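> kindly return the folded structure for what I paste below:
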Amino acid sequence: MQIFLPIADVPVDLFVLLILGAAVGFLSGVFGIGGGFLMTPLLIFLGIPAAVAVATEANQIAASSFSGVLAHLKRRAVDFKMGNILVVGGLLGSAVGVEVFRIVKSYGQIDLFVSLCYILFLGSIGTLMFLESLSTIQRSRKSVNTFNHKKKHNWIHGLPFKTRFKSSNLYISAIPPVVIGFIIGILASIMGVGGGFILIPAMIYILGMPTKVVIGTSLYQITFITAFTTFMHATQNKTVDLLLALILIVGGVLGAQLGARVTVKLKAEEIRILLAIIVLLVCLKLALDLMMTPNDLFSITYSNES
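So this is what the prediction gives:
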């Protein structure tokens, strides 16, 4: 069933969008990610302009992440204090990122810019997560819970403004969470992602949070940041397609609930290695698309400028 998206200015299949939304929502519930790292490239592959895909996907991520948070709340797996600090940094980063997005878009290079950002970040993070997950699985065969049973003190523990996070059983500075949130906010506004593929490793390896509360807390932060990013893109860049967002939200909310139920059946290291594999596959697809010669070397577009 074909429908026409007014802002994207392209026809798409309704059922394909619903299926994609449900699949990404499922990943959101399982891995604690917004899913934008996967959905945004998929929307671009369907022919939707990168600027519209980025801005609209942020809206879908907000809805599916909120649904995932509700599911994790039932298991008391959300650190609200840590989440609120991450949100503060994220809001600042999102405002900066939207402005950068506007500037790049004005030069007509937003498609290339978004693709290069995906390849850079997904390739780096995916590789690191995959290698670490393999190492963790190997160690887990020799000892129990090798990942969380030792808490290493590093430079973070020497920073000022320390506060206690009871849900995460941590006593660390509030500065690192603010900085991490700031970076995630920039990525959310430029790449149309929730930033979970960076936020989750950062929460585990830098902040030292236990895996059991990382996913729920990640979704909590992502909900606020992507909602704010959507508002900024809608008001400043006029690139949010509400019809597309609504379709993705319907599928995403349903998928997130199912994904949250699957999470309890997977081990922490299994969740991380599966996420790493998915990240690397998306990165590979984007890289191949940039290297392949397009079918049409030239295109003709109409300009409204006089």
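> buried residues, the helix or strand harbouring S65. List them.
Taking DSSP states H and E as the criterion, S65 maps to helix 50-73. Neighbour counts over helix 50-73 (16 or more other C-beta atoms under 10 Å) mark 50-72 as buried. All C-beta atoms are positioned from the backbone trio N, CA, C, and that covers glycine.
> then stretch 41-52?
Those would be 41-44, 48-52, for stretch 41-52 by 16+ other C-beta under 10 Å.
> chain center to it, what's the gap?
For stretch 41-52, the separation from the chain centroid amounts to 16 Å (computed by C-alpha atoms, centre = their mean, to the nearest Å).
> quick check: angle from the strand or helix carrying S124 to helix 50-73?
Using DSSP H and E, S124 falls within helix 110-140. Calculated by axes from the mean of the first three to the mean of the last three C-alpha atoms, to 10 degrees, helix 110-140 forms an angle of 30 degrees with helix 50-73.
> output the contacting helices and strands for helix 110-140.
Using 3 or more C-beta pairs under 8 Å, 6 or more residues apart in numbering; DSSP states H and E, the elements in contact with helix 110-140 are helix 36-45, helix 50-73, helix 80-106, helix 175-191, helix 196-201, helix 268-291.
> now these as TSV including distance to I119 and mean pLDDT?
Below are the helices and strands packed on helix 110-140 laid out as TSV (distance: least, C-beta to C-beta, whole Å; pLDDT from 0 to 100):
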stretch	distance to I119	mean pLDDT
helix 36-45	10	76
helix 50-73	13	77
helix 80-106	16	88
helix 175-191	11	86
helix 196-201	13	74
helix 268-291	5	73
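> I'd like to know which of those helices is closest to R139.
helix 268-291 (9.1 Å; C-beta to C-beta).
> how about the closest one as CSV, C-alpha atoms only?
Taking Å, rounded to 0.1, in the frame of the first residue of the first chain, the C-alpha atoms of helix 268-291 are listed here in CSV:
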residue,chain,number,x,y,z
ALA,A,268,25.0,-9.2,29.4
GLU,A,269,27.9,-10.3,27.2
GLU,A,270,25.5,-11.8,24.7
ILE,A,271,23.6,-8.5,24.5
ARG,A,272,26.8,-6.6,23.8
ILE,A,273,28.2,-8.9,21.1
LEU,A,274,24.9,-9.0,19.2
LEU,A,275,24.7,-5.2,19.3
ALA,A,276,28.3,-5.0,18.0
ILE,A,277,27.5,-7.3,15.1
ILE,A,278,24.4,-5.3,14.1
VAL,A,279,26.4,-2.0,14.3
LEU,A,280,29.2,-3.3,12.1
LEU,A,281,26.7,-4.7,9.4
VAL,A,282,25.1,-1.3,9.1
CYS,A,283,28.5,0.4,8.9
LEU,A,284,29.5,-1.9,6.1
LYS,A,285,26.4,-1.3,4.1
LEU,A,286,26.8,2.5,4.3
ALA,A,287,30.5,2.2,3.3
LEU,A,288,29.6,0.1,0.3
ASP,A,289,27.0,2.5,-0.8
LEU,A,290,29.4,5.4,-0.8
MET,A,291,32.0,3.4,-2.8
